[in-house]
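Q: Turn this into a structure:
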Amino acid sequence: MNRLPDQRPHAILFDYGGVFTGPTFSAVDVLAHKLGTSAAVLFELFLGPYDTDTDHPWHRLERGEIDLASADGLITKLCRDAGVAADLTSFLVAMAPTAGVRDEMVALAREVRAAGLRTALVTNNLAEFRDHWRRSLPLDDLFDVVVDSSEVGMRKPDLRIFTLTLARLGIADPTAALFLDDFHGNVTAARRAGLRGLLVEPDPAAAIAEVRRLVFGSRAEAGPEA
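A: Next up is the predicted model:
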């Protein structure tokens, strides 16, 4: 992971899946192995070109334009036309083991907010999942702002979702904000919007250490209680 410039951020924006939970997209690899097909092909069928914003059913679902049942039917047809015996439900079932919350990331969000930074959650999510994931985190304790793609009608990597979040946080200078995500395309989009971006690997330890270094400086080496 690249070390970021030492400028202390004024705000930190967090993704949800793959940051507060285990790696989201590993479910595609698991399912592809079971089906004996290519993970790259399956990813494209289920999620479309995820580093762009298109009319793929999954993208429309994340923007709240269609419901889960409609997306399932459309994606199942895409799979059938490609000769792949899979449907959206099988993908969502494969995602379930990664859904546990990472306590260390929750602790990080608490620490940086307690240190006076503004915090936001910016998630590409589904309206049907909203009640579940919102119950998984103490949102009011961790974030000043929560931006759900299915509520606002835009999704990462659309630069407008970063602009909206910063406006809600009251941050005028995007370079004063740091964004954490597990998908490289979303990190790249945040950088294009002027934010600093930090990729969260399947093991989030390096990203957590980098955030603590930026926020707490040398105190980070002694831990959050220093």
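Q: and residue 50, how far is that from residue 34?
A: Separation of residue 50 from residue 34 (C-beta to C-beta, to the nearest Å): 21 Å. (Each C-beta comes from the backbone N, C-alpha and C, glycine too.)
Q: of the two, who's got more company?
A: residue 50 (23 against 11; other C-beta atoms under 10 Å).
Q: Which helix or which strand is home to that one?
A: For residue 50, there is no host helix or strand (DSSP states H and E).
Q: burial count for the closest residue in space to it that isn't next to it in sequence?
A: Spatial nearest neighbour of residue 50, chain neighbours left out: residue 185 (6.1 Å); criterion: C-beta to C-beta, 6 or more residues apart in numbering. Neighbourhood size, residue 185 [other C-beta under 10 Å]: 14.
Q: Tell me where the model's unsure across this structure.
A: 1-2, 97-99, 218-226 (pLDDT under 70).
Q: coming back round to it: pretty sure the residue nearest to residue 50 contacts residue 124?
A: No: if you go by C-beta atoms under 8 Å, residue 185 and residue 124 don't touch, sitting 11.0 Å apart.
Q: can you give me the strands for this structure?
A: Taking DSSP state E to define them, one finds strands in the chain at 11-14, 118-123, 145-148, 177-181, 196-199.
Q: Against which helices or strands is the fourth one packed?
A: Spelled out, that is strand 177-181. strand 11-14, helix 159-169, helix 184-192, strand 196-199, helix 205-216 (3 or more C-beta pairs under 8 Å, 6 or more residues apart in numbering; DSSP states H and E).
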